[in-house]
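A.B. asks: Sequence first, then the predicted structure, then my questions.
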Amino acid sequence: MGLASRFLSLFSILSAVLLTVASLTAEWVFEACMVTDASGSRISVFEAQRKGERLTREVHAALDRVETKGKIADMVVSGEMSLIEGAAWFRSLSRESHAWHALVCPLPGPKDGEGWCRLVVDWIDTRLRFDRTASQADAVRHCLESELQAILDRDGGIELPD
């Protein structure tokens, strides 16, 4: 009988533990996994993880766009791609609203070919100032601005290809 009484007491304890756990609400369990954000609002660990994963994807996408813009800039400088083609590529890379991060520089409109060309010229100029001398960067900028002005004088505006 000693074994049966031990088994019965163990069963009673296990039943009490199971009933206690079963009585906990899902809200209480998830509340234990909550943290607060900078404003003091409660967010779940799962929500924070999802936000972190989304931000990681956005950062990788932004880095890919910057790398692609660098390749386009190199092709424009080397003459493998025209300024207008480069501007069309820049425009296509910025089609998504969250793809534009230059808060001090407004996004050119989709039909603003001149604005996209000027953006490419500025981007190339900034990039070249890291790898070349100032006079080399100035010479490339002058060449691109002359090309842009010649197109504007000839056509009166710039229409980018799709």
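C.D. replies: In hand now; what should we look at? Numbers count the residues shown, from 1 in each chain.

A.B. asks: Run a quick neighbour tally on the closest residue to residue 111 other than its chain neighbours.
C.D. replies: Counting by Cβ to Cβ, 6 or more residues apart in numbering, residue 111 lies nearest to residue 159, which is 7.7 Å off, once chain neighbours are set aside. Every residue, glycine included, has its C-beta placed from N, CA and C. Under the neighbour criterion other Cβ atoms under 10 Å, residue 159 is assigned a count of 11.

A.B. asks: isn't residue 159 right next to residue 110, touching?
C.D. replies: No: using Cβ atoms under 8 Å as the test, residue 159 is too far from residue 110 to be in contact (11.1 Å).

A.B. asks: how's this protein carved up into domains?
C.D. replies: Per automatic domain parsing, the structural domains of the chain span 2-32, 58-155.

A.B. asks: which of those domains sits most buried?
C.D. replies: domain 58-155 (a mean of 15; mean count of other Cβ atoms under 10 Å).

A.B. asks: distance of residue 11 from residue 4?
C.D. replies: 10 Å (Cβ to Cβ, to the nearest Å).

A.B. asks: same question, residue 133
C.D. replies: 93 Å.

A.B. asks: Same question for residue 106.
C.D. replies: 83 Å.

A.B. asks: could you say what helices and strands the host helix or strand of residue 69 packs with?
C.D. replies: Using DSSP states H and E, residue 69 falls within helix 45-78. Contacts defined by 3 or more Cβ pairs under 8 Å, 6 or more residues apart in numbering; DSSP states H and E place helix 45-78 against strand 34-36, helix 83-93, helix 113-131.

A.B. asks: Kindly format the C-alpha coordinates of stretch 132-142 as PDB.
C.D. replies: Output of stretch 132-142 as PDB, limited to C-alpha atoms (Å, rounded to 0.1, in the frame of the first residue of the first chain):
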ATOM      1  CA  ARG A 132      39.700  60.600 -57.100                       C
ATOM      2  CA  THR A 133      41.100  64.100 -56.700                       C
ATOM      3  CA  ALA A 134      38.800  67.100 -56.500                       C
ATOM      4  CA  SER A 135      40.000  68.300 -59.900                       C
ATOM      5  CA  GLN A 136      39.200  64.900 -61.500                       C
ATOM      6  CA  ALA A 137      35.700  64.900 -59.900                       C
ATOM      7  CA  ASP A 138      35.200  68.500 -61.100                       C
ATOM      8  CA  ALA A 139      36.200  67.500 -64.600                       C
ATOM      9  CA  VAL A 140      33.700  64.600 -64.700                       C
ATOM     10  CA  ARG A 141      31.000  66.800 -63.200                       C
ATOM     11  CA  HIS A 142      31.700  69.500 -65.800                       C
END
